[in-house]
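[1] Here is a sequence with its predicted model. Questions after.
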Amino acid sequence: MEKNSSNMIPLAENSPNKQETVCIFGTGDFGRSLGYKMLQCGYSIVFGSRSAQTSTLIPKGTEVLSHGEAAQKADIIIVAIQRQHYDFLTELTEVLHGKVLVDVSNNLKINQYPESNAEYLAKLVPGAKIVKAFNTVSAWALQSGTLDASRQVFVCGDDNKAKQMVMDIVRTLGLTPLDQGSLLAAREIENYPLQLFPMWKFPIYLAIGLSAFFFFYCLIRDVIYPYVYENKDLSFFIAISIPNRVCPIVALILLALVYLPGIIAAILQLHRGTKYSRFPDWLDKWMLCRKQLGLVALVFAFLHVLYTLVIPIRYYVRWRLNVYVISQIKDNRTDPFNNTNGWISDSYVSLGILGFFLFVLLGITSLPSVSNSVNWREFRFVQSKLGYLTLILCTAHTLVYGGKRFLNPSMYRWYLPAAYMLSLIVPCIVLAIKFVLILPCIDQPLTQIRQGWERNSKGSKQAYYNDSKSAV
Amino acid sequence: MEKNSSNMIPLAENSPNKQETVCIFGTGDFGRSLGYKMLQCGYSIVFGSRSAQTSTLIPKGTEVLSHGEAAQKADIIIVAIQRQHYDFLTELTEVLHGKVLVDVSNNLKINQYPESNAEYLAKLVPGAKIVKAFNTVSAWALQSGTLDASRQVFVCGDDNKAKQMVMDIVRTLGLTPLDQGSLLAAREIENYPLQLFPMWKFPIYLAIGLSAFFFFYCLIRDVIYPYVYENKDLSFFIAISIPNRVCPIVALILLALVYLPGIIAAILQLHRGTKYSRFPDWLDKWMLCRKQLGLVALVFAFLHVLYTLVIPIRYYVRWRLNVYVISQIKDNRTDPFNNTNGWISDSYVSLGILGFFLFVLLGITSLPSVSNSVNWREFRFVQSKLGYLTLILCTAHTLVYGGKRFLNPSMYRWYLPAAYMLSLIVPCIVLAIKFVLILPCIDQPLTQIRQGWERNSKGSKQAYYNDSKSAV
Amino acid sequence: MEKNSSNMIPLAENSPNKQETVCIFGTGDFGRSLGYKMLQCGYSIVFGSRSAQTSTLIPKGTEVLSHGEAAQKADIIIVAIQRQHYDFLTELTEVLHGKVLVDVSNNLKINQYPESNAEYLAKLVPGAKIVKAFNTVSAWALQSGTLDASRQVFVCGDDNKAKQMVMDIVRTLGLTPLDQGSLLAAREIENYPLQLFPMWKFPIYLAIGLSAFFFFYCLIRDVIYPYVYENKDLSFFIAISIPNRVCPIVALILLALVYLPGIIAAILQLHRGTKYSRFPDWLDKWMLCRKQLGLVALVFAFLHVLYTLVIPIRYYVRWRLNVYVISQIKDNRTDPFNNTNGWISDSYVSLGILGFFLFVLLGITSLPSVSNSVNWREFRFVQSKLGYLTLILCTAHTLVYGGKRFLNPSMYRWYLPAAYMLSLIVPCIVLAIKFVLILPCIDQPLTQIRQGWERNSKGSKQAYYNDSKSAV
C-alpha cells in the first residue's frame, strides 16, 4: 500500500506483517461486526465512541476511545454511524484533516436525502478524503462468512490513493472491491441495496395479469361451459389442463411484446426522419425491460414444456385412451391411420421443440457471464436474428396446433374463440410489420436514420465521421 | 508502467515497442513455458541457471546466464524454482535489492509449510519486493493456449508498484490478473490450486450415503419381497423404477437439510438471547455448505424429472397398460372415470412441476454471475422466501402423491413403510418449526437479537448506531 | 483522479463536483452520442471540428470550436474520427503534446491495416499519451442505455496515469473498464467487435454437415425404402422420427470428436518422445475448439431428449399402440411380459438419462462464471474424468439400444446398416485407444514427457525445477 509521503512513516511500518491500525466510529452491530472481521484478518482496531466504556459486546483485543483519540491512531476511519448523527464530526475537522473517512451507511428509502450520505460527509469534513464502501455488505454476512450475494463491495471516492487503501482492506477481508469512480457514484451505490428487482416489476405484473385473464377465460370455456351444458365435472382441469393452456399463451404474447417496442421505435424514427428525438417515456421503459420480459416468457414456455411432457402419465389421459380403445373393440372397428393428422401432430410438436430450444439459447446468452463474453455484433445476432426466428417458430407452432380447428364452429363456445386464437394476435402483427420493415425500400432509409442521417438537415458531412458503429 | 524513479531509466526506454527484459530463475518446464510465452508477447527473456549451458530446450532467442548476471539485466525476476532450493538466493541479496521477485511456486499439499512460499522468500531476500503470481497457471496451458480454467492469475504483494508491474505482464500474456491484496494472501493463493471441491465433499458424501440406504431399502421392498412371496422377477426395477424412488427422496431430504441449520441457529440464538456467541463448529460448517447441498438436491430432482418423463416409453409400462385394457375387454367392463383420482393425479404432478421450476430458479440464481448481479436484499428474497416455497411445494407434492395410500396396510411390507414416508420426516419437521418461528411473538425477539440486541446486557445505546443492515 | 503534477492545476479543480472538461474531435454520430452521454454524467464537453458552425445535431450545452482551440481546453481528447482522416492531427502536434488522446475507432475488416489504429495515432502524434478505449460500445447503445452486451470497455495504453484517467471516465458513464495492458493490445481490441463467433464456425459447420448426411441416410432407409418396397407413405417421419435419429447420432460423434484430438496428441507425443515439438496446425485448431464442439454436441443431445420425451403424445405412436392392443384382442391372446426386453428397455433409457445429466453438468461448468470459479485441478477433473464418463455412458446407451438388433439382417436395407451403427465407430475407437493409453506401461512415459522430460535429451536436471504443475 502506498503511504501518503507527508505522513513520514518509518519504513519498518510498511512491512507486511505489521498490523495496520484502523479506526471505527460507532460500536453498533455493523461497526462491531466489521471490527471483528478486520481483527481476524490481521488489522489492529480502535473504536471511537461517545463514551469510552460502552458495552461488553466489543470484540476482544480492541480498544474503545473517544472519537478524537481514536481518530488520531489511524489513517483510515470507518464511519459506522447513521447519517443523522454525522454532525458531531464537524467538531473533529482538525483531527480528521488528511485522513481517509470511509462512509458505510445506507438509507431506509431510495433517494431519501437530496445528496448521498458520502457527499454529505464530504461537505461536513472538507479536509478528509471520503471513500464510500462496504454498504452492500451485511453485518450478518460478515460474522457468518456466508457472503454469496455480497462479495462485491462497491467503492467510490475522489482521491485515488485513499480508494486504493480501502480497496486493499476489502481484498484482505476476502471481498471483491469494484471501483465505481468518483464520489458522484455514491448515490447509486447507496440506492443499490434497497432495490428489489426494479426491472422485473413490470414484466412480472404483466405476466400475472395476462395469466389471470386467460385462466378465467379457459375456466369459463373448458370447465363451466361443459358443467352447464353437459353437466360434466371437469374441475380437475384446473391442476394441469388449464395451466397448460395459459402458459403457452402468455409465453407467446410476452415474447411478441419483447419485439413490439423495437418495431414501434422503427416506425417512430421513420415517421420523424431522425433518431435524435427522444422516444416517449413509456417506450423507453418498455425497451429497457425487454430482457426481463423475454426471461419471464421463457419461464412460461418452460412450464408449458413440463406440463405437456407429463400428459401421458396423467390418470385422465390414460383413462380416455383406454375408453377409446375399448370403444373401437366394441364397435369391432380399427380406426385407420390418417396421414394428414400424422403430419400435423408431428410438425406442431417439432416446431415447438425447435422454438423452445432457441428460446433456451436466448435465455443462456442473457446470463451476465455469457453476454459479457460476446461482442456487440454477436449479441445482436443472437438477440435479434435468433430472437425473431424463435418468435416465428413459436407462432408457427401455435398456428399448426390450431390446424383445421380454426373454422370449426364447435370451437366457439358462448361466442368465445379458443384462447390460443387470441394469443396469435400480437405475434402476427409484430411479424407482419417486421416483414414490411425489412423490405429494402423501407430498410434503407431506416438504416440511414440510425447511422445519424436526418431527413430535415443538411447532413452532408456525415460520411466524414466515424459512423460505422451505429447499430439497429 | 510506472518506473521506480530511483532507477533513472532514460525516457526512451518507456516507449511501448521497446522490449522489456524479464529474468527467469530456473529452466524447468514451467520456467521455459513461461519464458516462451513471454517471448511471444514481446518481452526479452534472460534465464538464470546454475550452469550457463544447460539444455537444448531453452526457447530460441533467450539467453542463459548465471543467476547473478541474469538478475542484473532485469527489474523483474521470476523465481521458477521449487521452495526447497530457495536458500541459494540469500547469496544474491545484494543483486536482488530493490528488484521485483515473482514467486510462482506451488506446494504438493495444502498448508505444507508453516508460512507461504512467498513469505518465506520475503524473509530470505528482505531487500526485494516480493509478488506472488502465476501459480494457478499450468505449464501446459501456457504452451497450448487452452486457458479456460486458468485465465485468472491471483496476484498479491506488499509493494503496489511491483504488483502493478507484474499485473501488466499478466495482462500482456492475455491472462486476467486479480489483485488479492497484501502478501498475507499468498498462503490462500498457494492452497487454491490444490483444492478439489472442498465445499462439495460433505454434501456429495451425504447424498451418496442417503442414496445407498434408500436404494437397498427399496430393493428389499420392491424387488426381494415380491420375489420371496410372489416369485415375481422384478429385477429390472433396478434400472429405472428404484432410481426414480431414490432420487425424489434424496432430493427432498437434502432440500430440507438446507433449511434445517438456519432453524437450529435461530433456536440457539433464542435460547442464548444473543447472536454473539459462536455456533458449534458442526453448525458453522453445515451453514457454509448449504448452497452445495441445495445444488446436489437439484441434481437429484433433475434426475427424478427425467426418470418420471420416460415412464410412458418404458416397455414394462406399455405392457402393463395393454394388459389392463385387455382385462377390461375380457370382463366386458369399462372402468368409470374416478374424479377424485383425476384430482389427486393431476395435482401432485402439478405441484411437482411448480416445485421443480422454483428449484431450477434457485439453481440459476446461485450461478456466480447471477448472484453477483443481485443485491443482498434480492438474494435473500430468492434464497429464503422462494426457497421455503420450493420446500413447501415439494413436500406437498410428496404428501399428495401418498394420497390415500398412507393408511393402506398393503403398503407395509415386512413392517417397512413406503420409502417416500420416510422422506417426509425431515421436511415436515423443518416446516413445522419454521411455522412456529415466524409467529410474531417468536419472530420479534429473534429479529431484535439478530440486530445486535442482547437479553442480558444493557443495550440501551443500540438505536444510536447503524443497525439497519442486520439481516436474518 | 491523480493529476499530472506538471499541469499545476490548483487544488480546487480536483473537487468532485467540479465539471471536468473533455474534448471530442469529430461531430459524427459516435462523437455526438458519446458527448451527450458524458454531458449527462457531469462532464463539460468541447467538440473540435473542421468548421466551427457544423450541425444542429450537436447536443445542447456543448461548444464547437476548431480542433486546435478545442484541444487546448481539455487534458483528454477523444478522437472520434475515422483512421483515414487522422493525418490532419500532425499539424496539431504541439497543442497535443502531453495530452491524453483516446482512440475510439474501429475498422471494417479484421487486420485491415498493418498496425492498429491506436499505434498509428501514436506514431502520428508522438508527444501525446495514446489510450485505446470505447471501440466496443455502439453509438446506439450509448444513447438508449441498453448496454447489455457492451458494458465492457477494453482499455489499453502505455501511460498508466492516462489509462487511469480514461478508466475513471468509463466508470462514470456506468461502464466497466477492462485494463488490457500496453498499446500492443490495441490490435486485438480493434479486431474484437468485428468477430462473429470465430471459434464456433468449425463445430457448427461440422454439425450441419453431419446432420445433413445422416438426415438423407435415414430418409433413404426409413422413408424411401418402405415407399418403394411396401408402398407406405411415412413422409411425416421427417418431422420427428428422423430428427430423433439424427440428433443422437450427431451428438455422440461430436462428443467423441471432443476427445479424439487429445488422444492424437498423446500418440504424437509418445511417438516423438517430447512435448516441445509443435503439433500440426489442424490439431492445434481442433484442440482449441473442443469446448465449442462439446457444446454443439450438447445442443443435439438436448434436442434428442425433447424429441424422445414427446414420443408418447404423438398421434402416430398412439395409433400404433391402439392397433397393437386391438390385434391382441382379435387374436384372443395376451403377449406375456418378456423380462429381457424389460431389462434392455429400462437400462438403455437409464444410461441415456445419466449420460445426459453428466453432459448438462459439463455444459454448466463451461459457463464462463462457473469455470472461472474452479481451479485448474477441479476443471480438469470435470472436463476429463466426467467427460470420459459421459462418453462411456452415451456409447453404452447406443450399444444397449442396438441390443439384439445388430445381427438382425432385416436391419440392413439396401445393404445400409442402421444409422446408429455408424455413429458408434468414432466413440468406440476413442474409448479403445484411451483404454490403451491409461495402461501404466504407456501412461508413465507419457506423464514424464508431459512434465518436460525428453527421450533424446540428457534431461538430468529436470527434477531440480518446478515441474509439479505440468498437466495432461
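    Arrived safely. Numbering: from 1, shown residues only, chains lettered A, B, ... in the order given.
[2] Do I have it right that residue A:420 meets residue A:247?
    No: taking contacts as CB atoms under 8 Å, residue A:420 lies outside contact range of residue A:247: 11.5 Å. Glycine gets a C-beta too; all of them are placed from N, C-alpha and C.
[3] how close does the residue of chain A most remote from its centre sit to chain B?
    Relative to the centre of chain A, and counting by CA atoms, centre = their mean, the farthest-placed residue is residue A:332 at 60.1 Å. To chain B, residue A:332 is 12 Å away according to CB to the nearest CB, to the nearest Å.
[4] Can you give me the distance of that residue to residue B:329?
    Here the criterion is CB to CB, to the nearest Å. By it, residue A:332 lies 12 Å from residue B:329.
[5] Could you report the neighbour count for the residue of chain A found nearest chain B?
    Residue nearest to chain B within chain A: residue A:28 (2.1 Å; CB to the nearest CB). For residue A:28, the count of nearby residues is 27 (other CB atoms under 10 Å in any protein chain shown).
[6] That one contacts residue A:78, correct?
    No: Residue A:28 is beyond contact range of residue A:78, at 11.8 Å (criterion: CB under 8 Å).
[7] Now do the same for residue A:77: helix, strand or coil?
    Secondary structure for residue A:77, judged by DSSP: H, G, I helix; E, B strand; the rest coil, is strand.
[8] quick one, phi/psi of the residue of chain A closest to chain B?
    Dihedral pair for residue A:28: phi -70, psi -170, per degrees, to the nearest 10.
[9] Retrieve the pLDDT associated with the residue lying closest to residue A:107 once chain neighbours are set aside.
    Closest residue to residue A:107 apart from its sequence neighbours, by CB to CB, 6 or more residues apart in numbering or on different chains: residue A:190 at 6.0 Å. On pLDDT, residue A:190 comes in at 90.
[10] same check, this time on residue A:277
    As predicted, residue A:277 sits at a pLDDT of 74.
[11] close to chain C, is stretch A:349-361?
    Yes: interface with chain C: stretch A:349-361 contributes A:349-350, A:353-354, A:356-357, A:360-361 (CB under 8 Å from any CB of the partner chain).
[12] quick one: buried residues of stretch A:390-406?
    For stretch A:390-406, a neighbour-count test (16 or more other CB atoms under 10 Å in any protein chain shown) marks A:390-402 as buried.
[13] Pick the one among those closest to chain C.
    Taking these together and measuring to chain C by CB to the nearest CB, the closest member is residue A:400, at 10.0 Å.
[14] Pretty sure that closest one sits in a strand.
    No: judged by three-state DSSP, residue A:400 forms no part of a strand; its state is helix.
[15] how about the nearest residue to it once chain neighbours are set aside, what does it touch?
    Distances taken as CB to CB, 6+ apart put residue A:348 closest to residue A:400, at 3.9 Å, once the chain neighbours are dropped. With contact taken as CB atoms under 8 Å, 6 or more residues apart in numbering or on different chains, residue A:348 is in contact with A:397, A:400-401, A:403.
[16] Take those and write them to JSON lines, including pLDDT and distance to residue B:376.
    JSON lines is the format used below for those (pLDDT from 0 to 100; distance: CB to CB, whole Å):
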{"residue": "A:397", "pLDDT": "95", "distance to residue B:376": "41"}
{"residue": "A:400", "pLDDT": "91", "distance to residue B:376": "47"}
{"residue": "A:401", "pLDDT": "89", "distance to residue B:376": "44"}
{"residue": "A:403", "pLDDT": "73", "distance to residue B:376": "51"}
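[17] what's the helix or strand for residue A:247?
    helix A:243-272 (DSSP states H and E).
[18] Please identify the buried residues of the very next helix or strand once past that helix?
    Per DSSP H and E, the first helix or strand lying C-terminal to helix A:243-272 is helix A:281-288. By 16+ other CB under 10 Å, the buried positions in helix A:281-288 come out as A:283, A:286-287.
[19] how about the helices in the stretch 1-150 of chain A?
    A:29-40, A:67-72, A:93-96, A:117-124, A:139-144 (DSSP state H, counting those that start in this stretch).
[20] Out of those helices, which gets the lowest mean score?
    Of all the helices of the stretch 1-150 of chain A, helix A:139-144 has the smallest average pLDDT, which comes to a mean of 71.
[21] ok, back up a step: tell me how far the residue nearest to residue A:107 lies from residue A:133.
    With CB to CB as the criterion, residue A:190 and residue A:133 are 11 Å apart.
[22] now swap in residue A:82 and tell me
    For residue A:82, the distance to residue A:133 (CB to CB) stands at 17 Å.
[23] In terms of neighbours, single out the busier of those two.
    residue A:133 (27 against 21).
[24] same for the helix or strand of chain A with the lowest mean pLDDT, what does it pack against?
    The least trusted helix or strand in chain A, going by mean pLDDT, DSSP states H and E, turns out to be helix A:139-144, with a mean of 71. Counting contacts by 3 or more CB pairs under 8 Å, 6 or more residues apart in numbering or on different chains; DSSP states H and E, helix A:139-144 is packed against helix A:29-40.
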